[in-house]
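Asker: Generate a structure from the sequence data that follows.
(one chain, ligands or ions: 1)
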Amino acid sequence: MARLVIVSNRVPIPKARIATAGGLAVALRDLLTPGSMWFGWSGRLASEPAAQPALVEARGVTYATIDLTAEAHRGFYVGFANGALWPLLHFRLGLMRFRREDYEGYLAVNRNFAAVLGGMLQPDDTVWAHDYHLIPLGRMLRRRGFGGPLGFFLHVPFVPPSMLEAMPVARELVADLCAYDVVGFQTEEHARDFRDCAQRMLGAAVEGEWLRLNGRRVRAFADPIGIDAQAFAHEAARAVGDKLVQRVAGSLAGRALAVGVDRMDYSKGLPQRFEAYGRLLERHPEHRRKIHFLQICPRSREEVDEYRRLRAELDRLTGRINGRFSEFDWTPLRYSTRAAPRATLAGLFRIGRIGVVTPLRDGMNLVAKEFIAAQPDEDPGVLVLSRFAGAAHELTEALIVNPFDPDAIADAMHQALSMPLAERRHRHAALKAKVLRTTAQAYCRRFIDALGAPPVTPPLSQAAA
Ligand code: F6P
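Answerer: Prediction:
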């Protein structure tokens, strides 16, 4: 029987006490029907490379995971994926640290994934690989003889050819992506940049969403990811009863709550955001004592130097802002590096008057969609959103800002705090309708439909029509 096999670096084994794939598990929930499989890294380091996966069955789904050696993990995850690819794909060339041995490690882990997964695949399986950790996996599975449909979705942004060319193995990466039948991106802009790269670096012919290369056709298209907005809205309404949410609401003492939730990552624009909040309090003293800014940013990837530096910078900025503006009974900025349960976040989004989502670059950013879904329709808050988040392509009724400009973010926060109820309702209704329409289910369906269509049909000229 044909199975769907999902592959990602992190695997969200239900109820297991290991790292999860975050929003991915929620986004793909509908696809995890009995008989399907999810394959990836166990989250554990071992002394020997894995030859056999550990298998866990939950609700008819098989979760197959392998351990990595510390050395493999260093080259693959710390070195190439997060030390070179991540900064490059987030337009931060200056932070890209390319080392040939890291790339070799990245290839070796993908080869190991292909060997172990290849041993479990049946000829009529469909494989859907996720994110920048697994770019070469498709080619490696093909080399091992797998002939079924192969798809790849990139959760992070993609860059134009002039930027990708700085990566010494750019051509190999683009060729590897072209080994898949379908390659999905968060926005049309990223899909177009990829097709441009394939054209310029590999001489691929581009017609609409299709690439023709070495007698094969590859579809490279935009498939924006969404959330289960209905369920999140219910969760948020329920979560206002959550003890912690009630404690936060009580501690506000009638003040407005501005809320930001981000993994602690330099792509999230956190120093600029803190700076912006300081500017707001400086230039608009009328908001002092009337607002609390709560920034939750769970620590992340601390093996990478740049992430440790960011943490030190945020500690310093928090101290500066609170030192300057605090009063004995009012602390303007609350900053926590602890992760919070999903339900608590939903409740905090619901009581937030401003959602501050200002990444310098982001594939999509689901926090923006969650904030909208969580808000009460009758008295909604306002979303301040970076123009460089994929979500800004859809959520155009948010207050769209340039995240590199702290004054612009401060102006938007001021506008949000002063916005009349009628305008807040009007903007929110439009945004909520979009978030309810562009769901996780729709995202999955589009991708699976694209993968289900045999890659050689329709003929190239019709496909572009
Ligand atoms: O945004 C890309 C992404 O891979 C997400 O899918 C995931 O939630 C996040 O980064 C986590 O990163 P890591 O696995 O490095 O902790």
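Asker: Could you give the secondary structure assignment for the nearest residue to Glu104 once chain neighbours are set aside?
Answerer: Leaving aside its chain neighbours, Glu104 sits nearest to Gly75 (6.8 Å; criterion: Cβ to Cβ, 6 or more residues apart in numbering). Backbone N, C-alpha and C define where each C-beta goes, glycine included. Classification of Gly75 using DSSP: H, G, I helix; E, B strand; the rest coil returns helix.
Asker: for whichever residue of the stretch 301-450 of the chain sits closest to the ligand, phi and psi?
Answerer: Here the stretch 301-450 of the chain gets closest to the ligand at one residue, Arg301, 5.3 Å apart by Cβ to the nearest ligand atom. Backbone geometry at Arg301, expressed as degrees, to the nearest 10, gives phi 50, psi 50.
Asker: what do you get for Ala430?
Answerer: Dihedral angles of Ala430 (phi, psi; degrees, to the nearest 10) stand at phi -70, psi -40.
Asker: show me where the stretch 51-200 of the chain has helices.
Answerer: Using DSSP state H, counting those that start in this stretch, the helices of the stretch 51-200 of the chain run over 70-73, 86-89, 100-118, 137-143, 161-164, 170-177, 188-202.
Asker: Give me the buried stretch members for the second one, please.
Answerer: The neighbour-count check on helix 86-89 (16 or more other Cβ atoms under 10 Å) flags Trp86, Pro87, Leu88, Leu89 as buried.
Asker: And the first one, by the same measure?
Answerer: Of the residues in helix 70-73, those buried under the neighbour-count criterion (16+ other Cβ under 10 Å) are Ala72, His73.
Asker: Show me what it is packed up against.
Answerer: On a contact count with 3 or more Cβ pairs under 8 Å, 6 or more residues apart in numbering; DSSP states H and E, helix 70-73 meets helix 100-118.
Asker: can you rerun that using 10 Å?
Answerer: Where contact means 3 or more Cβ pairs under 10 Å, 6 or more residues apart in numbering; DSSP states H and E, helix 70-73 is packed against strand 37-46, helix 100-118.
Asker: now that helix: mean pLDDT?
Answerer: In this model, helix 70-73 carries a mean pLDDT of 95.
Asker: And for it, what's in contact with it?
Answerer: With Cβ atoms under 10 Å, 6 or more residues apart in numbering as the test, helix 70-73 has contacts from 41, 44-47, 49-50, 67, 78-79, 81, 105-106, 108-109, 112, 303.
Asker: try it again with 7 Å
Answerer: Contact partners of helix 70-73, identified using Cβ atoms under 7 Å, 6 or more residues apart in numbering, comprise Leu45, Pro49, Gly105, Ala108, Val109.
Asker: Take those residues and write them to JSON lines, including pLDDT and neighbour count.
Answerer: Formatted as JSON lines, the contacts of helix 70-73 follow (pLDDT from 0 to 100; neighbours: other Cβ atoms under 10 Å):
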{"residue": "Leu45", "pLDDT": "94", "neighbour count": "14"}
{"residue": "Pro49", "pLDDT": "79", "neighbour count": "16"}
{"residue": "Gly105", "pLDDT": "97", "neighbour count": "24"}
{"residue": "Ala108", "pLDDT": "97", "neighbour count": "17"}
{"residue": "Val109", "pLDDT": "97", "neighbour count": "27"}
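Asker: right, and the pair among those residues with maximum separation?
Answerer: Leu45 and Ala108 (15.0 Å; Cβ to Cβ).
Asker: For Gly390, grab the count of nearby residues.
Answerer: 27 (other Cβ atoms under 10 Å).
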